[in-house]
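Turn this into a model:
(one chain, ligands or ions: 1)
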Amino acid sequence: MNKIAVGILGATGVVGQNYVRLLGAHPWFEIVDLAASPRSAGKTYAEAVGKRWLMETPMPQRLKDRPVRDVMDYEAIPPDVKLFFSATELEDKQSTRDFEFAYAQKGFPVVSNSSANRWTPDVPMIIPEINGDHAEIIPSQQKNRKFPQSGFIAVKPNCSVQSYLIAIHALNQAGYPVDEILVNTLQAISGAGYKGLTEPERRITVNPLIPGEEEKTEKEPTKILGIVENDKIIPDYSMDVSALCTRVPVIDGHTALVYLNFAGDVPELEVIAKIWTEFHGEPQILQLPSAPEPPIQLVEQEDRPQVHLDVDNGNGMAVTIGRLAEDKFFDIRFVALSHNTVRGAAGGAILTAELLVKKGYIKHAGEQLT
Ligand code: NAP
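Prediction:
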């Protein structure tokens, strides 16, 4: 079987290294291109990363000597690349938007971790268990921007949103729409990239401010829960979110303390637990290679989920929920945990790409991918 040749933009960073780790034995995708800033360009991958390799598994031997390309050096893109994963942020959002569009303009699908294109109206922002159908906007994006048929951009949302939105979607789908959420996040230092992991003071303090994070956490669900109609993504404003986001001395894993009210009937706690336990999204139905089974793991123990025990559930792709209870001020409350650099970044984007392959938006050599 011919694998799909992929490139990683921002391959030297925390998310980039996670792509390298997760794609090491991927059944459909094979890394053939590693790109980063001009600081890394021209060096081998091992030299460019140097002492910054943060994965628990060793750097794959076959990539160590591969030269790193400058992300702006389009001439040097290997001819066989069919898909790019983007995990880089240029000096400002407009430059990042333009650079991702430049790749799409050259005919490449780009699945991005950056926030730059999340609010571009014709760019789908996808959590595969929730809104894979938003990929239907891709042909309009290609038409609007005169991209070649193969080129487009799809993005994944902010890492904090992944911890709880699948659980909310499962309740909505089961006929118990949620209309108010108060969420406090306890976010890992790896969420701030390599800098976050290497500034010593971050390991001994709780920082009550993550600039821009609360706005993203409150706003992004409206687009994700929206519908595609007449070539537009119509946001869903029926649910209001109030978020307070903090950075805590944890390496990997964003925890969300969630309080919510239902719009109508309040289901019994046992009913909620059953809805979450039985929930399956499109990735599970299609049995995509990176789909966690089950996507929501419920833990009974009162002192769970805990980052060091639960963050790797479902290979870092599951959302783990515990402490489901009635609340004094809200209908219910619970604690949800997800892995920010896996489900919230590289793994979430890989799952999105798998879905886009299955739906025919990312082309491959024609043989059946299994
Ligand atoms: P990081 O560790 O700081 O890595 C940044 C990467 O971008 C490196 O490969 C770096 O290359 C490259 N880069 C920086 N400036 C560049 C420039 N001017 N031109 C080209 N490449 C440049 O950051 P990260 O945590 O991996 O995050 C990458 C992206 O993913 C960001 O947009 C971030 O917001 C998003 N994200 C991160 C997480 C997370 O949990 N960390 C979660 C979701 C989304 P050099 O090594 O050559 O400098």
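
Now for the residue nearest to E293 when sequence neighbours are not counted: which residues touch it?
Among residues not flanking E293 along the chain, Q284 sits closest, at 5.8 Å (CB to CB, 6 or more residues apart in numbering). Where C-beta positions appear, they are placed from N, C-alpha and C, glycine not excepted. By CB atoms under 8 Å, 6 or more residues apart in numbering, Q284 lies in contact with E129, A291, P292, E293, P294, P295.

and the residue in the stretch 101-250 of the chain that the ligand sits nearest to, how many neighbours does it have?
Nearest residue of the stretch 101-250 of the chain to the ligand: G193, at 2.9 Å (CB to the nearest ligand atom). As a burial measure, G193 scores 17 neighbours (other CB atoms under 10 Å).

which residues touch the strand or helix carrying it?
Here G193 sits within helix 193-198, counting by DSSP states H and E. Identification of contacts with helix 193-198 by CB under 8 Å, 6+ apart yields G13, V14, V15, R52, L54, I189, S190, R202, R247, I251.

what would those residues look like in JSON lines with distance to E278, neighbour count and secondary structure?
Output for the contacts of helix 193-198, formatted as JSON lines (distance: CB to CB, whole Å; neighbours: other CB atoms under 10 Å; DSSP: H, G, I helix; E, B strand; the rest coil):
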{"residue": "G13", "distance to E278": "37", "neighbour count": "26", "secondary structure": "coil"}
{"residue": "V14", "distance to E278": "34", "neighbour count": "25", "secondary structure": "helix"}
{"residue": "V15", "distance to E278": "32", "neighbour count": "29", "secondary structure": "helix"}
{"residue": "R52", "distance to E278": "42", "neighbour count": "13", "secondary structure": "helix"}
{"residue": "L54", "distance to E278": "36", "neighbour count": "18", "secondary structure": "coil"}
{"residue": "I189", "distance to E278": "35", "neighbour count": "23", "secondary structure": "helix"}
{"residue": "S190", "distance to E278": "32", "neighbour count": "24", "secondary structure": "helix"}
{"residue": "R202", "distance to E278": "39", "neighbour count": "18", "secondary structure": "helix"}
{"residue": "R247", "distance to E278": "34", "neighbour count": "22", "secondary structure": "strand"}
{"residue": "I251", "distance to E278": "32", "neighbour count": "16", "secondary structure": "coil"}
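
Helix or strand: which one has L182?
Going by DSSP H and E, L182 is in strand 178-187.

same for that strand, what does it pack against?
Secondary-structure packing of strand 178-187 (3 or more CB pairs under 8 Å, 6 or more residues apart in numbering; DSSP states H and E): helix 165-173, helix 213-224, strand 240-247, strand 254-262.

which outside residues touch the shortest one?
Read it as strand 240-247. Residues contacting strand 240-247 (CB under 8 Å, 6+ apart): 160, 179-189, 191-192, 196, 202, 206-210, 213-214, 217-218, 221.

and the ligand, which of the contacts of helix 193-198 reach it?
Filtering these for neighbours of the ligand using CB under 6 Å from any ligand atom leaves G13, V14, V15, S190.

Including distance to F330, could the residues you listed go into TSV?
Converted to TSV, those look like this (distance: CB to CB, whole Å):
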residue	distance to F330
G13	38
V14	34
V15	33
S190	30
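
Name the nearest of the residues you listed relative to A349.
V15 (8.5 Å; CB to CB).

Would you confirm that that closest one contacts S86?
No. Contact criterion CB atoms under 8 Å: V15 and S86 do not qualify, at 9.3 Å.
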